[in-house]
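>>> I'll drop the sequence and a predicted model, then ask my questions.
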There are 2 protein chains.
Amino acid sequence: MTYSSELIKGTLKTIVLKLLSDHKKMYGYEITQKVKELTLDKIQITEGALYPTLHALEEEGLVTTETEYIGKRVRKYYSLSPAGKVKTKEKLKEFSGFMDTMVFLLGIKPKTA
Amino acid sequence: MTYSSELIKGTLKTIVLKLLSDHKKMYGYEITQKVKELTLDKIQITEGALYPTLHALEEEGLVTTETEYIGKRVRKYYSLSPAGKVKTKEKLKEFSGFMDTMVFLLGIKPKTA
DNA sequence: TGCAATACATAAGATTCCTATGTATATTTG
DNA sequence: CAAATATACATAGGAATCTTATGTATTGCA
C-alpha cells in the first residue's frame, strides 16, 4: 500500500533535507531507495519528482553537488550547505508544528513512540 | 503565523469531512472560521480553495446540501452522506498512518497529547 | 542475450491550492 | 447615517507540486 500522493505534496523537500542531514552525502537514486526502505514501501518518491526537487534545492543554495564516476556511470552526490542545515531545522520544526495542529484538528491519537 | 500552504495541500478534504462528521451540518463560511478558531489562526482556509472543494465533495456524493435564508442572505449547509461518513473514516485512517510514517521518517517527537 | 536494476534527466499533464475579483446582505463604528 | 467590516456565496487565472511517460546509458544477472 502506498499513501495517496496528494498527502506527500509539500513534504518532499523536507524529506530530502532530513535524509541529507542524516547521511551527509547521498545521490538521487539512493534517496528514492532509502525512503522506500525506511517507510516499508509506503512512500515512493518518483524520479520525476525527485530530480527537479534536487535541482531546485541546489539553485536555492541549500545543497552542493559533486559528481563521481562508478565505472562509466555517473553519480551525482548531494550534501547540505550551511544554509541547507539551517533550512532543514526550520522545515522540520514547521512540519512538526503542522502535525501537532492537524492531530488536534482531526482528533487523531498519535502513536506515542 | 500561518503554516506554509504547501503543507495543507492534500489535507483540505480530510479537514472538511472531519468537521462535518463532528458538527452534522455546516456552511462554507462557518468551516473557514471554525478551522481558524480551532487552529489558533495557524491554518487558514481560503474561500477560493474551500468552495470548489465543497462542490467536488457534492459531486462525489459524499455530502448533501440544503439552502437556507438568513434574512435575504443565502446560506448553503453541507452534511455528510452515508458514503461521506465511510470516506471520512478512511481519510482519517490514511492520514493518521501517513503521519506515523512521516514521524518515523523525519525523526520527530510527537506531542503526546 | 535479454531483462531488471542502476542512474541520470526532462516534458506534458493532473491536481490542488492561492490570489484576485465579483456580487450581495448585514452589522458595527465613528 | 455613512463607511468600513463582516458575512456568504462563487469563479477565473495562475502558481506550485507531483505523476506519468519518455529518453539515454551502464551494469548485473539468469
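Right, received. Where do you want to start?

>>> Three-state assignment for A:Thr65, please.
Classification of A:Thr65 using DSSP: H, G, I helix; E, B strand; the rest coil returns strand.

>>> is it bridged to anything, and to what?
A:Tyr78 (DSSP bridges).

>>> state the distance from A:Val35 to DNA strand C.
Applying C-beta to the nearest atom of the strand, to the nearest Å, the value for A:Val35 to DNA strand C is 13 Å. No exception for glycine: its C-beta is placed from N, CA and C like everyone else's.

>>> and whichever strand or helix holds that residue with DNA strand D, contact?
Taking DSSP states H and E as the definition, A:Val35 sits inside helix A:28-38. No. Shown here: helix A:28-38 not in contact with DNA strand D (C-beta under 7 Å from any atom of the strand), separated by at least 10.0 Å.

>>> show me which residues of chain A sit near chain B.
Applying C-beta under 8 Å from any C-beta of the partner chain, we find that chain A lies next to chain B at A:3-4, A:6-11, A:14-15, A:18, A:22, A:35, A:38-39, A:42-43, A:92, A:94-113.

>>> count the residues that sit near A:Thr65.
If you count neighbours by other C-beta atoms under 10 Å in any protein chain shown, A:Thr65 ends up with 14.

>>> list the buried residues for the helix holding A:Val35?
Within helix A:28-38, the residues that count as buried by 16 or more other C-beta atoms under 10 Å in any protein chain shown are A:Gly28, A:Ile31, A:Thr32, A:Lys34, A:Val35.
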